[in-house]
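J.: Requesting a structural model of the entry that follows:
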Amino acid sequence: MNIGFVGLGKLGFDSATALGEKHNVTGYDINRTNKTSNFKEVDNLEEACKGQEVVLVAVQTPHDPIYGGEEPTSHLEPKDFDYTFIKQAVADIDELVDPGTLIAVISTMLPGTVRSQIAPLVKNGKFIYNPYLIAQGTVIEDMKNPEMIMIGTEDGRIDENVEKLFDVYDPILKDVYNTRYEVGTWEETEATKVFYNTFISAKLTLVNMIQDVAMKVGHMNVDQVANSLAKSYHRITSNRYMKPGFGDGGGCHPRDNIALRVLNQKYNLGYDLFDAIMKAREEQAHNMARWLCDQAPHDVVILGKAFKPGLKPEDGHTVGSPSMLVGWYVEKTESRKVYYDKAPDDKPYIYLIHDNQLYPEVWNPGSVIVDVNRELSDNIPDCKVLWYGVS
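T.: Below is the predicted model of the structure:
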């Protein structure tokens with residue numbers, strides 16, 4: 001199938017690569033990537049639109065940078081995503097595609113946005129909403145083995161446009177017969193995407209509350225409690241995101257919680273769960289920072305600046321970093337210096353482990369090592385190892 005792919009950023013490029021294994025993909029981004037891949041990258045939008053059966057649109061719906069989540073955000077006014085870029089892209093694409101070409105937008109939006117702001121822009125082509133459940137670092141695997149594929153139509157029915165997307169994704173799936181397609185209205189699909197992300201945030205916040213209780217009450221290992229709950233398959237339906245430690249992070253989850261606060265204002269729900277989630281995320285980071293600095297008078301080295309282990313901060317993976325949020329509190333409220341990923345010299349430090357792939361070959365003597373993952377043994381010479389969450 002001939003597929004145009006517009007938006008080759010952190011998630012889009014790998015998504016296009018996954019599709020390029022089975023389809024003839026033509027990719028375009030306003031900032032050319034100059035990367036090598038299995039699809040053709042072009043210099044103009046028209047070439048990515050003309051002659052295509054489907055054009056997938058992965059243009060960003062960003063927040064103001066101060067809403068990222070790597071610093072406190074709950075004190076800021078609730079703010080929706082910025083739809084300026086996606087609206088302009090959809091309008092431009094609709095003018096360039098052949099009549100009747102399917103335009104599938106995959107960008108995250110709040111419920112109600114597609115119907116009011118995006119779909120009306122499509123007059124020449126046909127419109128469908130198709131957000132992805134993919135994560136930085138695992139995009140290609142997530143495309144081939146998705147938890148579900150979400151498709152939104154005007155009335156929620158399966159039609160020829162939905163079936164065309166089946167033809168897009170079925171060839172790249174590892175297990176096509178057991179992959180779940182969820183077809184709903186535009187609003188149902190918008191909500192599925194954004195609540196999926198915020199459910200993860202809420203889940204992590206709750207298990208980290210258990211961690212806070214463990215630190216306050218004593219005689220309590222947080223993993224004993226969390227593991228008991230994680231195995232409760234009747235009502236707690238999954239054991240993923242049931243590992244207490246750092247809070248939620250990345251370019252999607254913190255900002256989705258912030259954006260959902262707009263719904264409370266718009267519909268006067270009478271409560272603001274998502275404000276509470278973000279405040280809890282920040283207070284949990286603050287609790288960790290205070291406890292860290294109570295252990296020794298040293299400055300702090302945080303091993304793992306990126307928002308999740310295994311990613312490189314120099315590749316832009318620090319947005320929403322929960323370890324940076326802890327570091328912010330260490331500096332601002334505890335007046336300690338914070339260094340990331342390695343110690344600057346051989347003095348004693350408080351090490352805080354976020355990424356266990358960044359262990360130094362030799363730990364600085366006299367240091368306190370705090371393992372939030374509760375994996376490191378306590379036999380490191382001339383150092384004190386503490387497991388956060390066990391008291």
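J.: For the rest of this, base every contact and every neighbour count on C-alpha atoms.
T.: OK.
J.: Please state the offset of the top helix by length along the chain from the chain centre?
T.: The single longest helix within the chain, with elements called by DSSP state H, is helix 186-217. Its chain's C-alpha centre and that of helix 186-217 lie 13 Å apart, by Cα atoms, centre = their mean, to the nearest Å.
J.: Check stretch 215-231 too.
T.: So, by Cα atoms, centre = their mean, the centroid of stretch 215-231 is 26 Å from its chain's centroid.
J.: can you tell me the distance between the two ends of it?
T.: Stretch 215-231 has an end-to-end distance of 23 Å (criterion: Cα to Cα, to the nearest Å).
J.: outside of the helix or strand bottoming out on mean pLDDT in the chain, which residues touch it?
T.: Sorting the helices and strands of the chain by mean pLDDT, DSSP states H and E puts helix 253-267 at the bottom, at a mean of 79. Identification of contacts with helix 253-267 by Cα atoms under 8 Å, 6 or more residues apart in numbering yields 63, 67-69, 74, 78-81, 110, 194, 197-198, 200-201, 248, 269-272, 274-275, 277-278, 320.
J.: That helix: what's the following helix or strand?
T.: Using DSSP states H and E, the helix or strand that follows helix 253-267 towards the C-terminus is helix 273-294.
J.: what is the mean pLDDT for that next one?
T.: Helix 273-294 shows a mean pLDDT of 93.
J.: Show me what counts as buried in it.
T.: By 16 or more other Cα atoms under 10 Å, the buried positions in helix 273-294 come out as 274-290, 292-293.
J.: for the stretch 1-150 of the chain, what spans make up the helices?
T.: 12-20, 45-49, 84-96, 113, 139-144 (DSSP state H, counting those that start in this stretch).
J.: These: which one's closest to residue 307?
T.: Of all those, it is helix 139-144 that lies closest to residue 307, at 15.6 Å by Cα to Cα.
J.: Alpha carbons only: can I get the closest one in CSV?
T.: Extracted C-alpha coordinates of helix 139-144, given in CSV (Å, rounded to 0.1, in the frame of the first residue of the first chain):
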residue,chain,number,x,y,z
VAL,A,139,8.0,2.4,19.2
ILE,A,140,8.7,-0.3,16.5
GLU,A,141,7.9,-3.1,19.0
ASP,A,142,4.7,-1.3,20.1
MET,A,143,3.6,-0.9,16.5
LYS,A,144,4.1,-4.6,15.8
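J.: ok now it, how far from the chain's centre?
T.: That offset, for helix 139-144, works out to 14 Å (Cα atoms, centre = their mean).
J.: so what secondary structure elements neighbour it?
T.: helix 12-20 (3 or more Cα pairs under 8 Å, 6 or more residues apart in numbering; DSSP states H and E).
J.: Show the average pLDDT along the helix it packs on.
T.: The predicted model assigns helix 12-20 a mean pLDDT of 98.
J.: residues of that helix that come out buried?
T.: Neighbour-count burial for helix 12-20 [16+ other Cα under 10 Å]: 12-20.
J.: for this protein, which spans come out with low pLDDT?
T.: 236-237 (pLDDT under 70).
J.: If we use 80, what do you get?
T.: Across the chain, the ranges flagged by pLDDT under 80 are 234-242, 251-253, 255, 257-258, 260, 263-264, 269, 271, 273-274.
J.: Relative to residue 49, how far out is the residue lying closest to residue 140 once chain neighbours are set aside?
T.: Excluding the flanking residues, the one nearest residue 140 by Cα to Cα, 6 or more residues apart in numbering is residue 18, at 5.4 Å. Distance of residue 18 to residue 49, given as Cα to Cα: 19 Å.
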